[in-house]
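Undergrad: Quick one: sequence plus predicted model below, questions after.
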Amino acid sequence: MATRTAILDIEISLNQWLEEIAKKEAPTSTVAASICVGLAVRQVGPPRRQEATRRLINLTLTWRQVNTPKAVGGLAFLAVFLTFYTTMIFVWEDFTDYTNWGLTFGPIRGHAMGLWIDPINGRFTPLAFLEFNLINRFTDTNIGYHVPAIVQLLILFFILLMLDAELSVAARAALAILAFLNASIITSFSGLLFQERDVLFFLACLVLSVKRFEQTQSIAWAVAAVVSAQIMIYCKEPAFLLLFGFAMGRLILRCRDGHHRGWDYHRLWDKESLLDLCLAFLALLFLLVYVKRIGIHPGSNYATAARVPWPELPLGYLSVDPLAWLFTAVVLGRIYLILRRRVVPLLFWDGLAFGGVAYFLAYLYLSIFTVYYLAPVDLIAVLYVGRLVVLSWKTMHPLGKVAAMLLASIILFQDVVVSAFVVFERKNVIHAKVELASVVETQYRSGAEHDLRLFFPFADLYTIADFAGYLVYRGVPVEGMEGRMDEASGPNSVILATGAVARDGPCLDWTMVRCRAVKGGPAPGDLVIMLPDDEASLAKASVYREPRDLLFSYEPRPPIPDWLHSLFASLHPCAYRLFLSHGRRSDFSSHGRSGDPMICPKSA
């Protein structure tokens with residue numbers, strides 16, 4: 001009886017502890033983990049004089065690597081690439097991207113963005129997007145909101161250049177450029193509300209901190225690794241698997257005795273092992289907090305609603321991102337060679353690869369598809385596979401060199417095609433919505449004494465909310481938001497009508513924008529709005545495409561060449577179908593379905 005009571009007390013204490021962590025979330029556990037790892041590695045290894053000498057040698061070697069024609073040429077090309085890359089991010093950007101209503105109804109209007117904890121949909125990313133609460137204190141422009149992404153981009157490139165001293169500076173620059181040509185990474189840094197961007201940034205900070213800790217045994221780098229890991233896993237749920245795979249992979253490889261075919265458990269007390277144990281514990285703690293705070297809701301969460309049937313999912317990822325599959329195959333091959341004791345394991349890089357594979361398998365298990373989900377996997381894949389190829393190039397068999405060059409050419413060509421398609425489509429969708437909003441604003445200003453009613457025949461509620469939020473951002477009052485607009489906006493408002501709601505009320509439960517239920521077609525005088533990411537067949541859209549009724553039609557500038565559509569569809573047929581069927585989640589327009597975005601007044 002006493003034993004049962006003790007077990008019950010322990011269970012109650014554990015539940016109370018988890019509940020307290022769930023309330024405080026990441027800050028409390030981050031401070032606690034930082035203190036714990038600081039105590040664990042508090043003894044600094046080399047004396048200060050030896051450490052100063054080592055740093056001087058490292059700086060000398062780094063300068064010798066940079067002071068070469070190849071290195072100078074590589075850095076110059078990288079500078080040009082970054083200039084074009086940042087320019088591409090800024091061009092034709094505005095708050096009309098999908099889910100930007102979170103900004104136009106939130107920080108831009110002075111309302112702090114709260115912690116993203118949604119038990120119904122199974123979302124738990126409390127540290128995502130909080131930087132916008134600070135940014136809005138300085139600016140409310142789209143360019144200003146993109147500045148943090150550009151800063152992260154530049155810091156990330158700098159980390160990649162200093163991460164691997166075994167490679168030449170030119171090789172590091174080339175791998176960094178190859179990584180950022182990938183469509184998943186381009187998309188992550190182009191948009192505002194992509195959590196993968198934060199995962200990429202803090203993953204780079206994590207691996208740099210771990211690398212520097214291995215070199216210096218400094219408490220500061222250990223604490224930096226813990227803080228980076230904590231922020232990363234609380235920005236995107238599957239990131240805890242990346243962290244857990246990284247830490248546990250390093251622990252297993254370190255404790256496995258390659259000489260005596262056994263296990264050396266004394267290595268668990270090494271300072272590097274203590275740091276890895278702390279990182280693995282943080283990943284497990286996140287899982288416990290997630291289950292305690294969110295629970296499991298089968299059939300109602302985001303992953304279930306976005307599920308893609310097999311075999312379309314693996315074929316889609318294979319056609320649009322073969323690098324992830326090549327990376328997985330290389331890692332499995334490395335594991336086989338390590339188990340057969342034919343290669344010496346690389347604790348840092350093999351551990352990072354194990355985490356990347358775990359992250360990829362998580363999305364295969366969840367059966368969800370989007371072009372930017374695998375951005376962390378693609379970054380690790382380029383660094384890991386590229387590093388192996390560069391270091392083994394001189395000793396590689398000629399046939400191996402041919403195979404490596406062929407695979408690299410295929411992946412580079414695929415990256416360029418998919419990235420071009422992503423950039424063209426996304427930029428034109430954003431610019432089309434800006435042009436549509438300009439026409440709506442003109443119509444409202446010219447007839448401000450009457451309410452202006454917009455009818456959306458095909459748009460879903462999220463897309464309508466996005467468009468409404470952008471209208472409010474431009475000073476056009478929308479029904480439901482009148483009391484939150486400036487007095488100079490006028491007494492009347494824009495009314496949103498759609499058949500996507502059963503009755504009049506908020507378009508979405510968490511917004512004040514109202515949608516009016518419509519059965520059938522538009523009323524006389526309505527402006528019919530067809531947005532570029534509407535999902536409708538050409539036959540349905542043709543009802544509203546009569547030239548005599550057309551008020552405005554957007555032609556893509558620059559248009560996506562037909563050959564690029566054909567090439568993408570032929571090279572990636574499964575992915576192309578997934579883009580069309582999940583266009584809103586993939587940030588692609590509905591090319592070939594509802595046609596060009598337009599506004600047309602519908603008469604009786």
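TA: Yep, it's here.

Undergrad: What score does the closest residue in space to residue 238 that isn't next to it in sequence have for pLDDT?
TA: Nearest non-adjacent residue to residue 238, counting by C-beta to C-beta, 6 or more residues apart in numbering: residue 362, 4.3 Å away. C-betas here are computed from N, CA, C, even on glycine. pLDDT, residue 362: 93.

Undergrad: what's the neighbour count on residue 362?
TA: For residue 362, the tally of surrounding residues (other C-beta atoms under 10 Å) stands at 19.

Undergrad: now do residue 75
TA: 16.

Undergrad: just the helices in the stretch 251-400 of the chain please.
TA: 271-293, 302-305, 312-320, 322-339, 347-366, 375-391, 398-446 (DSSP state H, counting those that start in this stretch).

Undergrad: Could you identify which of those is most buried?
TA: Ranked by mean neighbour count under mean count of other C-beta atoms under 10 Å, the helices of the stretch 251-400 of the chain are led by helix 375-391, which reaches a mean of 23.

Undergrad: In three-state terms, label the spatially closest residue to residue 219 that is not a sequence neighbour for me.
TA: Closest residue to residue 219 apart from its sequence neighbours, by C-beta to C-beta, 6+ apart: residue 38 at 5.1 Å. Following DSSP: H, G, I helix; E, B strand; the rest coil, the label given to residue 38 is helix.

Undergrad: Assess the claim that residue 38 and residue 222 are in contact.
TA: Yes - counting by C-beta atoms under 8 Å, residue 38 does reach residue 222; the two are 6.8 Å apart.

Undergrad: who has more neighbours, the two?
TA: residue 222 (27 against 14).

Undergrad: For that one, which three-state class applies?
TA: Per three-state DSSP, the local secondary structure of residue 222 is helix.

Undergrad: Isn't it up against residue 36?
TA: No - between residue 222 and residue 36 there is no contact under C-beta under 8 Å: 10.1 Å.

Undergrad: Output the helices of the stretch 251-400 of the chain in TSV; the columns should cover distance to residue 479.
TA: Listed next are the helices of the stretch 251-400 of the chain as TSV, based on distance: least, C-beta to C-beta, whole Å:
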stretch	distance to residue 479
helix 271-293	35
helix 302-305	28
helix 312-320	39
helix 322-339	45
helix 347-366	37
helix 375-391	38
helix 398-446	12
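
Undergrad: re the thing from before, from residue 278, how far out is the residue nearest to residue 219?
TA: Distance from residue 38 to residue 278, counting by C-beta to C-beta, to the nearest Å: 10 Å.

Undergrad: Of the helices of the stretch 251-400 of the chain, which is nearest residue 263?
TA: Closest approach to residue 263 among the helices of the stretch 251-400 of the chain is made by helix 271-293 (12.6 Å; C-beta to C-beta).

Undergrad: on contacts alone, who are the packing partners of the closest one?
TA: Helices and strands touching helix 271-293, as assessed by 3 or more C-beta pairs under 8 Å, 6 or more residues apart in numbering; DSSP states H and E, comprise helix 2-24, helix 26-40, strand 123-125, helix 195-216, helix 219-233, helix 239-255.

Undergrad: mind redoing it with 7 Å?
TA: Judged by 3 or more C-beta pairs under 7 Å, 6 or more residues apart in numbering; DSSP states H and E, helix 271-293 is in contact with helix 2-24, helix 26-40, helix 219-233, helix 239-255.

Undergrad: Show me which positions of the third one end up buried.
TA: Read it as helix 219-233. Using 16 or more other C-beta atoms under 10 Å as the test for burial, helix 219-233 gives 219, 221-233.

Undergrad: now swap in the last one and tell me
TA: Burial within helix 239-255, assessed by neighbour count using 16+ other C-beta under 10 Å, is assigned to 239-255.

Undergrad: For it, give me every contacting residue.
TA: 199, 229, 232-233, 263-265, 267-268, 272-273, 276-277, 279-280, 282-283, 286-287, 345, 347, 350-352, 354-359, 362, 376 (C-beta atoms under 7 Å, 6 or more residues apart in numbering).

Undergrad: angle of it against helix 375-391?
TA: 30 degrees (axes from the mean of the first three to the mean of the last three C-alpha atoms, to 10 degrees).

Undergrad: and helix 239-255 with helix 322-339, angle?
TA: 20 degrees.

Undergrad: okay, now the domains of the chain?
TA: As given by automatic domain parsing, the domain ranges for the chain are 15-395, 427-601.

Undergrad: Turn those into CSV, including distance to residue 413.
TA: Formatted as CSV, the domains of the chain follow (distance: least, C-beta to C-beta, whole Å):
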stretch, distance to residue 413
domain 15-395, 11
domain 427-601, 9
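
Undergrad: what's the closest of the ones you listed to residue 406?
TA: Residue 406 lies closest to domain 15-395 among the domains of the chain, at 11.7 Å (C-beta to C-beta).
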